[in-house]
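[1] Predicted model, plus sequence, below.
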Amino acid sequence: MKLKGRVAIITGASSGVGYAAARLFAREGATVVVAARRRERLDHLVAEIAGEGLQAFSIPTDITDSGEVRALVDRTVSLLGRIDILLNCAGSVQRISPLEQFTDSDWRKVIDTNLSGVFYCARAIVPQMKAQRNGTIVNLGSRVGRVGVGNIAPFCAAKFALSGLSQALAQELRPYNIYVTTVFSGMIDADMAPLNPDVNLRKRFMTTEDVAQALLWVCTLPPSLRVDELPIMPRLIDL
Ligand SMILES: NC(=O)c1ccc[n+]([C@@H]2O[C@H](COP(=O)([O-])OP(=O)(O)OC[C@H]3O[C@@H](n4cnc5c(N)ncnc54)[C@H](OP(=O)(O)O)[C@@H]3O)[C@@H](O)[C@H]2O)c1
């Protein structure tokens, strides 16, 4: 077991990559604290993990609410005493359309979910990790956070900004032995509303389990090694 004794908070764990990562990290011995808004999906996940004799806790959280994020971190520390890993998997595209059709509310939701939520999570967890002088923060970015793509401009903007936030945090936290990295992902066969691509195209995307493996890899590097950015792509297509 590669994560025995570690405590991991995983946001966006009610579906997609966060869900697969929670299963994988628990199998590798971590106690996982799963967070997202849909309580019943988190409960189902916790039951699945418990069914394998492994440990998970559900703390329903809207990461766009900094008060809820603080409560997530406080409850985790009071339950488990430490936080070794933060996986920021929560994200949302919201809609796909020409720029002029995005409403103020669409823009705010995309920025709040993909960027502000990560800021709130990191801000709440960093004091605990600093006190431990140990921690790993992994941000799930996107290929379109490195190359702009039309009709998802707010999402691209949020993911580009996430990369800057990640780089700045990585530098700031290095003296405290806290490692921050970003995984820039190509297309994943996840829920992906409102993308809904054709079923044959989806077969060529990465699976959520593939991406979870990449997240595990960056969390289990030798302590003398860091990977600041990890781009991952489906093997057969450039999406
Ligand atoms: N799918 C792709 O092709 C792709 C490609 C590159 C990068 N990514 C990134 O990968 C990450 C995971 O996405 P996915 O593909 O696994 O999609 P997904 O299945 O739609 O998962 C998104 C997760 O984010 C959670 N979430 C959304 N808003 C939230 C909020 N306000 N508070 C807490 N949790 C929230 C959702 O849970 P609730 O609705 O229950 O809150 C859900 O668990 C995202 O950051 C996404 O940008 C995806």
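    Perfect, I can see it now.
[2] Report the contact partners of the residue nearest to residue 30 when sequence neighbours are not counted.
    The spatial neighbour of residue 30 that comes closest, neighbours along the chain excluded (CB to CB, 6 or more residues apart in numbering), is residue 3 at 3.9 Å. (Glycine included, C-beta is placed from N, CA and C.) Under the criterion of CB atoms under 8 Å, 6 or more residues apart in numbering, the contact list for residue 3 reads 25, 28, 29, 30, 85, 216, 219, 220.
[3] Next: residue 89.
    Taking CB under 8 Å, 6+ apart, one finds 10, 11, 12, 13, 16, 17, 18, 21, 140, 215 in contact with residue 89.
[4] what sits up against stretch 121-134?
    When contacts are defined by CB under 8 Å, 6+ apart, stretch 121-134 is touched by residues 9, 11, 63, 66, 69-70, 72-73, 77, 82-84, 86, 88, 135, 137, 165, 169, 173, 176-178, 180.
[5] And for the closest residue in space to residue 56 that isn't next to it in sequence, the neighbour number?
    What sits nearest to residue 56 in space, not counting adjacent residues and going by CB to CB, 6+ apart, is residue 49, at 4.0 Å. Neighbour count of residue 49, defined by other CB atoms under 10 Å: 22.
[6] next one: the one 5 residues further on
    For residue 54, the neighbour count with other CB under 10 Å is 20.
[7] isn't it right up against residue 27?
    Yes. Counting by CB atoms under 8 Å, residue 54 sits close enough to residue 27 to count as a contact (6.6 Å).
[8] can you give me the strands in this structure?
    Remark: strands of the chain, listed N- to C-terminal, are 7-11, 31-35, 56-58, 85-88, 135-142, 178-185, 229-232; assignment by DSSP state E.
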